[in-house]
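Colleague: have a look; sequence and predicted model below, questions after that.
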Amino acid sequence: MTMLDIFPNWLLAHGPAFLMALPLLLAAITAILPNEKIAWFSSFAVTLICTVTAFALALNNIQNGVSVYPLGGWDPPHGIALVIDALNAPILVLIAFMAVITIIYALPATIAEVEPKKRAPFYAAFLLCMAGLLGMVVTGDAFNVFVFLEVSSIATYTLVAMGASRDRRALRAAYNYLILGSIGATFFVIGIGFLYMETGTLNMAGMARILHDLEGGSRVAKVAFGFIIVGLGLKLAMFPLHMWLPGAYAYSPTPVTTFLSSTATKAALYLLLRFIFFVFDPDFEYVASVLTYVLVTLGVVGMLFASMQAIFQIDARRMLAFSSIAQVGYMLLGIGIATTASVAAGYLHLINHAIIKGGLFLALGAMWYRFGITRISDFKGMAKMMPWTMGAFTISGFSLIGVPFTAGFVSKYQLATAAAGAGWWWAVGVIVVTSILAIFYIGQALLLAYFQDPPKIEGRTVAKNEAPLAMLVPMWMLVFASIVIGMRGGVIVDASWRAAIFLLGGGQ
Amino acid sequence: MRDPHILLRVVSKFLIPLIALFAFYVQFHGDYGPGGGFQAGVILAASVILYGLVFGIAATKTAFPPSWIRIGMTLGVLLYGGTGVLSFLLGGEFLNYSVFSHNPSHGQHYGILAVELGVLCTVASVMVAIFYAFGSRQPGVPNIENANEDG
Amino acid sequence: MVFASTSHALPVYILDYGLLAILVIVAFAIIRVRSLFAIVMLQGVYSLVCAAWFVSLDAVDVAFTEAAVGAGVSTVLMLSAMLLADCRSAPVPISRQIGPLVIVIIAGMAMLYAVGDMPAYGSATSPANSYVGMDYLERTAKEIHIPNVVTAVLASYRGYDTFGETVVIFAAGLGVLLLLGLNGNAGRWEACPNGQCVSDSDSVASIEQSGSLASSREGETKPSKLKTKGADDA
C-alpha cells in the first residue's frame, strides 16, 4: 500500500510506545511551562502527532496484521507487550483524533473557563488523560490496563473539578466521580488479581490461552469475570452504575465534557469487548449467560430508562448525558447479542456515538461561550443568534436520533438488522422506541431554537453572535465525519467488521 | 515566654537528617533489600513534612520552595521517561536498559538506578506538594466553606 | 489462606489470624467512630497492622510501602485535610447505609465463593508461583544480577508499569496543584462567557436537578442577567 510508505519505519516499529510516551513526557513538561500559548501549542502538536501515529499503526495493522511491541525488550509473558490489532487500532485513532478536536476547541474555551495561571497545568492534565486512555487501549497486559486506567481517571477527576470556576457543583460531581470511579477501579483490579491467581500470567493473550485450555477455569475465573464486568460497568456507565455520569458531564469545563463523552466511556467499552471476547470467551457457559441475561437486560433497561430521563431534563448537558447512558445501552445490546454482526454494529455505534456526542457537546459549549446558556429553555431563537453552531447541533442531533444519511442511522440500522438476524425481534422494537424518545428530547431543543424569537433584554433583541472559528471548525469537522459515515460508511464500517471478525471469527 | 515545643524542636533537628539519610539508604539499597524509589521518596518527604510540622510551613517553604517542588514532580517523570527515550535512541525498545552498556546486565543496573531516581524525585515532590497544598490553606477561608457545602 | 500450606507452623497461623482479627476490629471501629481525628489515627493503626501482616506473608517490600505511605505520610495528609474541613463526621442515616452494606456483602460472598477453588497460600504448584513467577526468580540472577527480585521485576521486567505508577503520582500532584495551589492561593476565579448572558430562568433553578442530586445547593451558580464582560481576565 502506498499510504503506508509515507511513514518512516521507526514510527511503525516503535509507534505503540511512542503513542503514550510522547504525551506523558510532554504532559510533564507542559505542567511547568510559564506561558499558556506555548502550552497550548505543545499540546496541539502532541495530539496531532499521536493522531498521525495512530493512523499509521492502524494502516499497518490492516496491511500486516497484529503487531506486538515488547517493552524493555522483555517478551511477554515476562515483560509488558503493547499490541496493535484490529480491535484497538480504530479506538486509538478515535481517541487521538478527538483529542485534536478538543484541543483546537479548547483554545478559546479555556480562556473563558480556566483561570489564567492554571491553563498550562490544565493542558498537562488533558494530555495525561489522553495518554492514559491511549495507554489502556494500546496495552496487551491486563495489569497495565489498570495502571493507565488510573492515570486517565485521576487526570479526569481533576479536569471535572476544574469546572468549579463555572459552576460550583462541579466539585460535588468530581467527588462523586472520584468515589465511584475508584470503586470501579478496585473491582477491576480485584478481578485482575483473581485472573492472575487462576492463570499465573498478566499477558492478555496468555490468559486467553490458559483459560481456553482450562475450558473456562474454576470458580476463581468466574468471580474474576464478575468483578471485571462490574468494575468496567462503573467506568462505562452501564445503566444502574451510571450515577456519576450526568453530573460529571454537566459541570466539567466544556472541552472536558466533549473529550470525556467521546473517549472515556468508549475506552472502557473497548476493554469490556477485550475481556469478554478476547480474554474470556463467549463459549464459556458463565460468560454466555452474563451476556444474554445481564448485559442485554441492563442495556435495554438503560436505553429506555435513560431516554425517558433525558426528556425531562432542564439542563441541556444533563439531557445529553442521559442520552449517552442510553447510547451505551445500544452498544451493550450489540455486545450482548454476541453475533459477529451485532458486535460489529455495537462497535460501529461506539465510534459513531463518539463523533455525534462530540459534535453536540461542542455546539452546547459554544452556546455557553457566547451566551452563557446551559438550559434547554434558553435555546429560544438560537438559530438566529448562532446559525452555524445551531446547524451543527441540528445535524448531530439528527444523527443521534438516527435520521437516514447520518452516522447514527448506519449503526442503528446495522444493530437492528443484527438483532433481527439473531431472532431478537423485540430488541428491534426497543431500538425504534428509544429512537422516537430521542426525537422528543432533541426535538424540544430544536423547536425552541428554530420557531421562537431570540429573547429581548432591555427591550432589544439579542444580536447574532456566532462562535469563533476555532470552535466552529472542530464542530463542523465532526458534523462532516458524521455525514460522510452516513452517506458512505466505507472505512469505518469495514473497521468495525474487522474488529468483530477478529473477536468472533467468521463473517456473516 | 519560653517555646513550649522546645523538646520537640531539638529532637526533630536531630532526627530529620537521619530520616533523610535513611531515605537515601532505602533508595540505593533497593537492589539488595526491600526498598526502592517509592519508599525512599515517601520517607524523604516525611522528613520534610516533619520539619514543616515542627517549624511551620513558612520556614519549610524557604528551605524547599514550592517552585522546586513543581519542577521536582516534572523532573522525576522526565527522568523515568527520558531513560526510556534514551534506550530507544540507542536502538533498543522503550525502557530496554540493556543497550546502555556493552554488558547487558550492567546496562540494567544503570537503567534501574536512573528510573528509581526518577520515582524518588516525583514521589517525594508530590508528597511535599500535597502537604503544602493542604497546610498552606487557612481553615475558614470562605472559598473552602463553599466547597464543603457543595461537596 | 487455606490450611494446606506445610511450611507455616502454628505460631505463624496464630500471628496471621490475630493480625487479621485486629484489622477487622479496627475497620469496624473506623465505621462506628464519629470523631474524624480518631478515624485518621485508626487508619494509621490499620495500615501499620496491615504492614505487619504483609511481613508475616513474606511481602516485605509491600509492607515497607504500606508502613511508609499508609501509616506515615497519609496520616499527616489526612490530618491536614481534616483541619480544613471539620472534626466530626455527620451521622449517616441508616437508610443510606443499607445499599453499600449489601454491595459489600455481595462482593465478600463472591470472593468467599472463589476461595474453594483457590490454590493453597504459598503453594509451589499454584499458577502464580509456578509459571512467570518462577521464571523471574531464575532469570533475574542471570540477566539483571541483582539480589532483590522484586526490584528487578518492578524496575525492569515490568518497568513500564512503574512508569505508569510514577505518572499516576504525578497526576495526583498536578491535580492538587490545579485545585488547591501550592501556596493555598488558588483563588475563586469566575468563568464568564465571552459574550452576553441571556439565561433568563433563575426561577427554575430549584428544580433543575432531578433525582439523586436534588439535595445539592443552588443559588450561587446562576449567571446573572446582562453580565457582559471581556473575554480574558488575564
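Modeller: Arrived safely. Small disclaimer: the values here were computed from a predicted structure and weren't measured.
Colleague: per-residue pLDDT of the residue lying closest to B:Leu90 once chain neighbours are set aside, please?
Modeller: Nearest non-adjacent residue to B:Leu90, counting by C-beta to C-beta, 6 or more residues apart in numbering or on different chains: B:Val99, 4.3 Å away. For the C-beta atoms, the positions are set from N, CA and C on the backbone; glycine is no exception. Per-residue pLDDT puts B:Val99 at 90.
Colleague: secondary structure class for the residue nearest to A:Thr201 when sequence neighbours are not counted?
Modeller: For A:Thr201, ignoring the flanking residues on the chain, the nearest one in space by C-beta to C-beta, 6+ apart is A:Pro77 at 4.3 Å. Three-state call for A:Pro77 (DSSP: H, G, I helix; E, B strand; the rest coil): coil.
Colleague: A:Pro77: neighbour count?
Modeller: As a burial measure, A:Pro77 scores 21 neighbours (other C-beta atoms under 10 Å in any protein chain shown).
Colleague: contacts only, for C:Phe28.
Modeller: Residues counted as contacts of C:Phe28 (C-beta atoms under 8 Å, 6 or more residues apart in numbering or on different chains): none.
Colleague: what about it, distance to C:Tyr17?
Modeller: As judged by C-beta to C-beta, to the nearest Å, C:Phe28 and C:Tyr17 stand 17 Å apart.
Colleague: ok, B:Gly82 next?
Modeller: The spacing between B:Gly82 and C:Tyr17, counted by C-beta to C-beta, is 47 Å.
Colleague: need phi/psi at the residue nearest to A:Thr201.
Modeller: Main-chain torsions, A:Pro77, degrees, to the nearest 10: phi -90, psi 0.
Colleague: so what pLDDT did the residue nearest the centre of chain B get?
Modeller: Taking C-alpha atoms, centre = their mean, the centroid of chain B lies closest to B:Ala124, which sits 1.2 Å from it. Looking at B:Ala124, its pLDDT stands at 95.
Colleague: for A:Ala45, same thing?
Modeller: pLDDT recorded at A:Ala45 is 95.
Colleague: what's the neighbour count on the closest residue to C:Val69 other than its chain neighbours?
Modeller: Once flanking residues are discounted, C:Val69 sits nearest to B:Val42: 5.3 Å by C-beta to C-beta, 6+ apart. By the criterion of other C-beta under 10 Å, B:Val42 has 26 neighbours.
Colleague: domains of chain C?
Modeller: C:8-92, C:125-187, C:190-234 (automatic domain parsing).
Colleague: residue of the stretch 51-200 of chain A nearest chain C, please.
Modeller: Going by C-beta to the nearest C-beta, chain C is nearest to A:Gly200 of the stretch 51-200 of chain A, at 3.0 Å.
Colleague: and the gap between that residue and C:Tyr121?
Modeller: Look at A:Gly200 and C:Tyr121: by C-beta to C-beta, they are 15 Å apart.
Colleague: what's the answer for B:Val42, then?
Modeller: For B:Val42, the distance to C:Tyr121 - C-beta to C-beta - is 28 Å.
Colleague: what of C:Val168?
Modeller: When C:Val168 is compared with C:Tyr121 (using C-beta to C-beta), they lie 29 Å apart.
Colleague: so which of these two has more stuff around it?
Modeller: C:Val168 (23 against 15).
Colleague: which helices and strands sit right next to whatever helix or strand the more buried one lives in?
Modeller: C:Val168 is located in helix C:159-179, with elements delineated by DSSP states H and E. Helix C:159-179 sits against helix A:9-30, helix A:119-138, helix A:142-161, helix B:66-89, helix B:104-135, with contacts defined as 3 or more C-beta pairs under 8 Å, 6 or more residues apart in numbering or on different chains; DSSP states H and E.
Colleague: tell me the pLDDT at A:Leu4?
Modeller: A:Leu4 is given a pLDDT of 77.
Colleague: verify the stated contact: it with A:Gln63.
Modeller: Yes. Look at A:Leu4 against A:Gln63 with C-beta atoms under 8 Å: they come within range, at 5.9 Å.
Colleague: and stretch B:57-68, does that touch chain C?
Modeller: Yes. Residues of stretch B:57-68 contacting chain C under C-beta under 8 Å from any C-beta of the partner chain: B:61, B:66.
Colleague: no, scratch that, I was asking about stretch B:126-140
Modeller: Yes. Stretch B:126-140 is in contact with chain C by C-beta under 8 Å from any C-beta, via B:126-127, B:129-139.
Colleague: quickly compare the domains of chain C and say which is most buried.
Modeller: Mean neighbours per residue, mean count of other C-beta atoms under 10 Å in any protein chain shown, is largest over those for domain C:125-187, with a mean of 21.
Colleague: any idea how far that one is from the chain center?
Modeller: 17 Å (C-alpha atoms, centre = their mean, to the nearest Å).
Colleague: what's the burial count for A:Arg209?
Modeller: Using other C-beta under 10 Å: A:Arg209 sits among 14 other residues.
Colleague: again, but for A:Phe405
Modeller: 13.
Colleague: how close does it sit to chain B?
Modeller: Using C-beta to the nearest C-beta, to the nearest Å, one gets 44 Å for the distance from A:Phe405 to chain B.
Colleague: which element, helix or strand, includes A:Leu59?
Modeller: A:Leu59 belongs to helix A:36-64 when elements are defined using DSSP H and E.
Colleague: return the distance of that helix from the chain's centre.
Modeller: What separates the centre of helix A:36-64 from the centre of its chain is 17 Å, taken as C-alpha atoms, centre = their mean.
Colleague: downstream of it, the next helix or strand is which one?
Modeller: Per DSSP H and E, the first helix or strand lying C-terminal to helix A:36-64 is strand A:67-70.
Colleague: distance from the chain centre to the helix or strand following that following strand, please.
Modeller: Sequence-wise, the next helix or strand downstream of strand A:67-70 (DSSP H and E) is strand A:81-84. For strand A:81-84, the distance from its own C-alpha centre to the chain's C-alpha centre is 20 Å (C-alpha atoms, centre = their mean).
Colleague: and for stretch A:152-162?
Modeller: Using C-alpha atoms, centre = their mean, the offset of stretch A:152-162 from its chain centre is 15 Å.
Colleague: what's the answer for stretch A:161-170, then?
Modeller: With C-alpha atoms, centre = their mean, you get 22 Å for stretch A:161-170.
Colleague: can that stretch be found next to chain B?
Modeller: Yes. Legend: contact between stretch A:161-170 and chain B by C-beta under 8 Å from any C-beta is shown at A:164, A:168-169.
Colleague: do stretch C:91-111 and chain B come into contact?
Modeller: No. Under the criterion of C-beta under 8 Å from any C-beta, chain B is not reached by stretch C:91-111; the shortest gap measures 15.5 Å.
Colleague: state the mean pLDDT of that stretch.
Modeller: For stretch C:91-111, the per-residue pLDDT averages 89.
Colleague: what about that stretch and chain A, any contact?
Modeller: Yes. Contact between stretch C:91-111 and chain A, assessed by C-beta under 8 Å from any C-beta, occurs at C:107, C:110-111.
Colleague: sort out which residues of that stretch are buried, please.
Modeller: Neighbour-count burial for stretch C:91-111, counted by 16 or more other C-beta atoms under 10 Å in any protein chain shown, picks out C:107, C:110.
Colleague: got the contact list for that stretch?
Modeller: Against stretch C:91-111 from outside (C-beta under 8 Å, 6+ apart): A:187, A:190, A:223, A:226-227, C:34.
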